[in-house]
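here is my input, please return the structure:
(one chain, ligands or ions: 1)
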Amino acid sequence: MAGGQGDAKVEVFDAEEDVAVALAKYIARLSDVHTKGKGVFTVILSGGTLIDTMRKLAEPPYLDAIDWSKWHVFWLDERVVHKTDPLSNYKLAYDGLLSKVAIPPNNVYAINDALPAPEDAADDYEACLKSLVEKKVLELSQASSFPKFDLMLLGMGPDGHVASLFPKHPLLQEKNRWVTYIKDSPKMPPERITFTFPVINSSAYIALVVTGADLAKAVHIALGNHEPSDFLPVQMVSPEGELTWFLDKPAASKI
Ligand SMILES: O=C1O[C@H](COP(=O)(O)O)[C@@H](O)[C@H](O)[C@H]1O
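Here you go, the predicted structure:
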């Protein structure tokens, strides 16, 4: 299987609506392959605009065609807030997708929002992943020994951040933890937990879903020639498996 940014596929669509259609087809195909092949499909969600771009999955034909019972859903990053808080990535995904599809509630791995300290929430989430490895829901990458998720769905901020991994932050260099925490996120809210790059880059498939003109500069830096001083966290996304960028024309306008 191909790997790294050098082998990334870059798909550009006329409009956000076309990205939503293509993304649903892509996710449904990977769901079919994994649920029929190994009986489990492990999916990582981001927050932000991604959830809205996944909206077609909650409509025919995907609503009935996808075997939702085999999905296991996790968060790439989460804000350390209550699950009912409007800033919660869980709430965003629940309202926009999870409440509309038949994923067993026990297969939805939200942050433990009874733990107010980000370090405890990160430890708890990492322990949850480790127990799922023991139960053989999750596998480890043979190459990295970090968990290998079937599909990670990533958004990107205008500053080139992915997950809660922000430009020039020391967390970009984390090499050991699966899940870590941040207390000084430059984007609100400041306290979050996040997967680390070793986990992100152990994935079988990553979709980077980026729409809107406000992201064009970061896309240009990530996919074009750039000065080392411009380096963005998104450029560290370099999976063992396959990376596909899903862009609309406004996001791709500076490539
Ligand atoms: O804070 C976050 O931002 C990124 C990007 O969000 P977007 O609204 O610009 O699409 C998101 O991927 C991440 O999960 C979230 O916590």
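
residues near Ala20, how many?
Ala20 sits with 21 neighbouring residues when counted by other C-beta atoms under 10 Å. Heads up, the C-betas are built off the backbone N, CA and C, glycines and all.

next, give phi and psi for it.
Per-residue torsions, Ala20: phi -60, psi -40 (degrees, to the nearest 10).

flag every residue of the stretch 101-250 of the chain that's near the ligand.
Neighbours of the ligand within the stretch 101-250 of the chain, by C-beta under 6 Å from any ligand atom: Gly155, Met156, Gly157, Ser164, Lys187.

can you lay out the residues you listed as TSV showing secondary structure?
Shown next, in TSV, are those (DSSP: H, G, I helix; E, B strand; the rest coil):
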residue	secondary structure
Gly155	coil
Met156	coil
Gly157	coil
Ser164	coil
Lys187	coil
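
need the per-residue pLDDT for the residue of the stretch 151-255 of the chain found nearest the ligand.
Residue of the stretch 151-255 of the chain nearest the ligand, by C-beta to the nearest ligand atom: Gly155 (3.1 Å). Confidence at Gly155, expressed as pLDDT, is 98.

check Glu227 too.
pLDDT for Glu227: 76.

okay, now it: neighbour count?
Glu227 has 7 neighbours, counted by other C-beta under 10 Å.

show me where this protein has helices.
Using DSSP state H, the helices found in the chain span residues 16-38, 50-53, 62-65, 89-96, 118-134, 197-200, 216-223, 249-252.

re earlier: scan the residues of the stretch 101-250 of the chain next to the ligand and report the most crowded one.
Ranking these using other C-beta under 10 Å puts Ser164 first, with 29 neighbours.
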